[in-house]
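[1] have a look; sequence and predicted model below, questions after that.
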Amino acid sequence: MGSAVITARAAATFEPVARSVATARAFVRDTLQGWGYTDVVDDAVVLTSELVTNAVIHAGTAADVLCLRTEDGVRVEIADHYPEREIPLQTAGLDLGGLDSENGRGLLLCAALASRWGVEYSPTRKHVWFQLDLPDRPVGVRSAGPLLPVGLLPVTDERVRVAVVQIDSEGAVAAWNDDAAYLFGYTADQVTGKQLADFTAWPQTPGTSTGIADALRLSRWEGSYGIRGADGRTIPVYGSHLRVRDPQGEPSTVCLLVRDYERAVLQTPARTPVSDTAESRKTDPFEVFIGSPAPDDLDGLLQRTVERARDMLDADAAFLLLATDDETELEVRATTGLPSARQRFARVPVEAGTGRYGSARMPAVHEDLDAVPGAVPLLGNTGMRSVVTVPLKVEGRLTGSLGVAAEGAGRYSNEEALRLQFAADRIALAVESARLGELERLRRGSLSFLVEASDLLAGTLDRDQTLALMAQMTVPTLATWCAVYTIADPASDPELSYVLHEDEERIDGLKSLLTRIPPPEPVRTPGARVWAAPSQAAHEAALRTSMRSIGIGDPGGLGSTTRTTLATAAAVGGETVVLPLVARNRVIGMLTLGKPSDDHFRQEILELAEDLSRRAALALDNARLYSERTAISQSLQRSLLPPGLPAVPNVEVDVIYRAAGEGNEVGGDFYDVFPIRDGAYGFAIGDVCGTGPEAAAVTGLARHALRLLAREGFGGPAVLERLNAAILDEGTRSRFLTLLYGELWPQEDGSALLKVVCAGHPLPLRLRQDGSVEPAADPQPLLGVMEDLELYEQTFTLEPGDVLLCVTDGVTERREGTRMLGDDGLADVLAHCTGLTAGAVAARILRAVERFAAEPPSDDMAILTMRVPEPH
């Protein structure tokens, strides 16, 4: 890092598995946020994600991540341990890869996002590093503002109230003064000990702001947010936070809060370097008031602009709107003197009428809005009568609109329009530059957000978990509340499947409200569309509840079963949008996002939500398909299992079966025990070559053929010879099969007569009462290989207390490293099972197999035990 002084470092190593990418991202994010470097977190996370993916996925090695902090920025180093990579020659140019190639994208991103970066090679590793410099910020010196006329001073209430709130190291309220109680409606006793986050409406736009927990840990922080008052409404405030420590060294944060329109009381004036030329230059009063905001302080710049514009023309209200990229709509970004319904992100059309004054592209003066209702949609029902609006333009392109309004008619003329246009021209370029900076940060933050979202959605195939992830990723990052509707098939109606609100106490009321109104219409058209039903239903229900509370109206009706409170109405009273969830050319549901009263979505957030909805729809449909196919597979697999074990007189029979593979109930190993005729029972245990569905198909053929042939009166050798022919008839689908088949006759003296044929299968073991173990049959050729087989059966008797153990090779071939359980190991385990029931013998064999190695078994296993009990 050259001469830069390293002030902190953090390092971690991540294993070569897919989940390490997400873990590495979290490590870098937590490290940089802990250092207070929130400005570069998103870029660092995106670069780390690509470079660690290259190491653990493509190179297949562990990844070493090292974070180094300096006063000017942070350097992150990622190294893999791939030993066979060719070291590039010094004369060769570094190939970053194409834009569409799978490799090299990490280096392309480094080139695009990092201040500096590099690659170092050695015979044993590749080492990529990138440097992210902190943005320049005005720092430092004490300053005094210029002497201003009284008319240019900031406007406040008659009495300025400053809430002083102290937050402890855990984020809980420790002190709450009287002004805080007055402003927000809570007494100190009501809030002390509770988390400040429970009362705040914090801006959560990804990549453009610091979270509240992060802000409380910074040494200083200043900005706007909201406090939810005791009446359920959000009060915009401007806050100045200072991190302090008490004599015992315990940290806390002191928060000074004022109403947002009184922000001048706390707002730190912009600091500009003093020079001879600056001192000698005549200062424009408009620029004095606006100051020189930080490059990323768009909101501060816009708010100061509307306040200055209002004061400059002695107006009652002012507003500033920014144009969308296609210049068809204007989005409210700053207002003063207007009701809360005209708050940020409400949208109005650029072309509001057919006349010259109906377009925001031209200056306009309206002497009396009562004479031309609807001429300025933003001012409808506000009491404003005269208004002047001027465009903000950069290089001839419309970038916004600035307006001032007064309650009296005839207040403005062309002269005021010229003054306002002059001010707009002076500020347009600064506004556009700050807007582009905010948009760039938002898009980088969106990229980081979508990387995390995609990783989470790809990590599960469970439908319910996918629904929960969809909601949790949107709340509170994109919206205040979220509801997910799902559609089972094209003929079904949408069903409310998941509801989430940032305030858990609002979830039940919100769910109750949504279940009582018709769901949104499933439309395939991409993009967000406004859905007014929840807001209207909430306000109507809240009005009826209020009327009943004062004895007006029918006490029954809508709220008789579930009362919708005023708080619920406020929670869903803002803008609500619906995004279709489309996967594989079918609408499978809708993602509904909502804001509280008077709040609107900004266009960039809706675009991000649309991108997320596409990913979420595919993940949800994948989960649906997986669930359906799993259910079908399990149903088919269960049909291949024997219906149950018959009760054999004087013989204990038990079976343990384990199929390899996730979700498999039947594999290549199989068993069966069935009655042949009175007093005779057949049993079989076999192993088809391979595992999974293909092997299971041969399993079904073998099990059903054995039953049919045995009940037709064929003996053991004949049964297996005909089964061999049937397997060979399958042609290319055939698989060879090892099989132990036998017939059992319980005897009157308490013993059992057995006849068995062992066709290439592990030999059955006989355990006598004295603990001796011996094979009960001889090996013969397996099935499915040769056409002409000559098999024979062997006869023996199980005496009372004897046990016959039959297993598949998944038991005998259990391995750990070079060790294998084998026939001898199995015989040793069986020798210690004297006196146990058939079920206990099978359970002990399974336990021995599982404990033989640390890894779970990778092959199918079947264990069949038969025991002749001793007479009582």
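    Nice, I can see it.

[2] tell me where the stretch 151-300 of the chain has strands.
    Using DSSP state E, counting those that start in this stretch, the strands found in the stretch 151-300 of the chain span residues 163-167, 173-176, 200-201, 220-228, 234-245, 251-259.

[3] tell me which helix or strand of this structure sits lowest on mean pLDDT?
    The weakest-scoring helix or strand in the chain, judged by mean pLDDT, DSSP states H and E, is helix 276-280 (a mean of 40).

[4] quick one: furthest residue from the center of this structure?
    Most distant from the centre of the chain: D749, at 68.3 Å, with distances by C-alpha atoms, centre = their mean.

[5] just say helix, strand or coil for P856.
    Following DSSP: H, G, I helix; E, B strand; the rest coil, we place P856 in the coil state.

[6] check contacts around it.
    Contact analysis of P856 by C-beta atoms under 8 Å, 6 or more residues apart in numbering lists E850. (Glycine included, C-beta is placed from N, CA and C.)

[7] pretty sure P869 sits in a strand.
    No: under the criterion used here (three-state DSSP), P869 is coil, not part of a strand.

[8] so what's it closest to, chain neighbours aside?
    Ranked by C-beta to C-beta, 6 or more residues apart in numbering and with sequence neighbours excluded, the top spatial neighbour of P869 is E652, at 6.1 Å.

[9] quick check, L763 in a helix?
    No: secondary structure of L763 (three-state DSSP): coil, not part of a helix.

[10] which ones are touching it?
    L763 makes contact with 775-779, 823, according to C-beta under 8 Å, 6+ apart.

[11] follow-up on the earlier one: tell me the confidence at the residue nearest to P869?
    pLDDT, E652: 95.

[12] so what sits opposite it in the bridge?
    Note on E652: beta-bridge partners R867, judged by DSSP bridges.

[13] before we move on, what about L591?
    Going by DSSP bridges, L591 forms beta bridges with V484, L579.

[14] cool, L500 as well?
    Note on L500: beta-bridge partners by DSSP bridges are C482.

[15] contacting residues for A44?
    Residues near A44 by C-beta under 8 Å, 6+ apart: 28-29, 32, 74, 76, 132.

[16] ok so, going back, closest one to G573 among the strands of the stretch 151-300 of the chain?
    Smallest distance to G573 across these (C-beta to C-beta): 10.8 Å, for strand 234-245.

[17] mind listing what's buried along that closest one?
    For strand 234-245, a neighbour-count test (16 or more other C-beta atoms under 10 Å) marks 234-241, 243 as buried.

[18] from R361, how far out is G380?
    Distance of G380 to R361, computed by C-beta to C-beta, to the nearest Å: 21 Å.

[19] also A163?
    43 Å.

[20] ok, now A346?
    20 Å.

[21] those two: which has the busier surroundings?
    A346 (20 against 15; other C-beta atoms under 10 Å).

[22] so the more buried one touches L330, yeah?
    No: assessed by C-beta atoms under 8 Å, A346 is found out of contact with L330, at 9.4 Å.

[23] which stretches of the stretch 401-550 of the chain form strands?
    Under DSSP E, counting those that start in this stretch, the stretch 401-550 of the chain gives strands at 481-486, 495-501, 529-530.

[24] one step back: helices - which of the contacts of L763 land there?
    Among the contacts of L763, the ones falling in helices (DSSP state H) are D823.

[25] pull the residues that contact stretch 841-853.
    With contacts defined as C-beta under 8 Å, 6+ apart, stretch 841-853 is touched by 654-656, 658, 767, 803, 805, 807, 811, 814-816, 819, 821, 825-826, 829-830, 832-833, 836, 856-857, 861, 863-865, 867.

[26] for the strands of the stretch 401-550 of the chain, which one ends up most surrounded?
    Most buried of these, by mean neighbour count (mean count of other C-beta atoms under 10 Å): strand 481-486, with a mean of 24.

[27] report the distance from it to the chain centre.
    Its chain's C-alpha centre lies 15 Å from the corresponding centre of strand 481-486 when counted by C-alpha atoms, centre = their mean, to the nearest Å.
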